[in-house]
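**Q** quick one: sequence and predicted model below, then my questions.
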Amino acid sequence: MDEAKIAAYVGSTAAVLGLPLPPERAARVLAHLQRTAAMAALLDTAPLAPHDELAEIYSPAAFPPLNDGRSQL
């Protein structure tokens, strides 16, 4: 995404959300989004297969049993 498109996105998003966005703050937000886009582009070009970066599966901890051995659920 080029700088003009990111700047338009920043401005329109702030307007939709009703956020005051002075030009100096908009420039900082634009710089952060450009860095994020550059990092994402690098990851897109990395030769990774699905098994190279496995997402951890969420497994909530079990509730400890009550004093009488019953489950809390």
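**A** That came through, no problem. Residues are numbered from 1 along each chain as shown.

**Q** which helix or which strand is home to residue 40?
**A** Using DSSP states H and E, the element containing residue 40 is helix 23-45.

**Q** got a list of contacts for that helix?
**A** With CB atoms under 8 Å, 6 or more residues apart in numbering as the test, helix 23-45 has contacts from 1, 3, 6, 7, 9, 10, 11, 14, 21. From N, CA and C alone the C-beta is placed, and that goes for glycine too.

**Q** among those, name the buried ones.
**A** Among the contacts of helix 23-45, those classed as buried by 16 or more other CB atoms under 10 Å are 6, 7, 10.

**Q** name the nearest residue to the first one, ignoring sequence neighbours.
**A** Counting by CB to CB, 6 or more residues apart in numbering, residue 33 is the residue found nearest to residue 6 once chain neighbours are left out, at 5.1 Å.

**Q** one step back: how about the helix holding residue 40: buried residues?
**A** Buried-residue list, helix 23-45, by 16+ other CB under 10 Å: 29, 30, 33.

**Q** can you give me the distance of the second one to residue 60?
**A** Yep, that's residue 30 we're talking about. Between residue 30 and residue 60 the computed distance is 39 Å (CB to CB, to the nearest Å).
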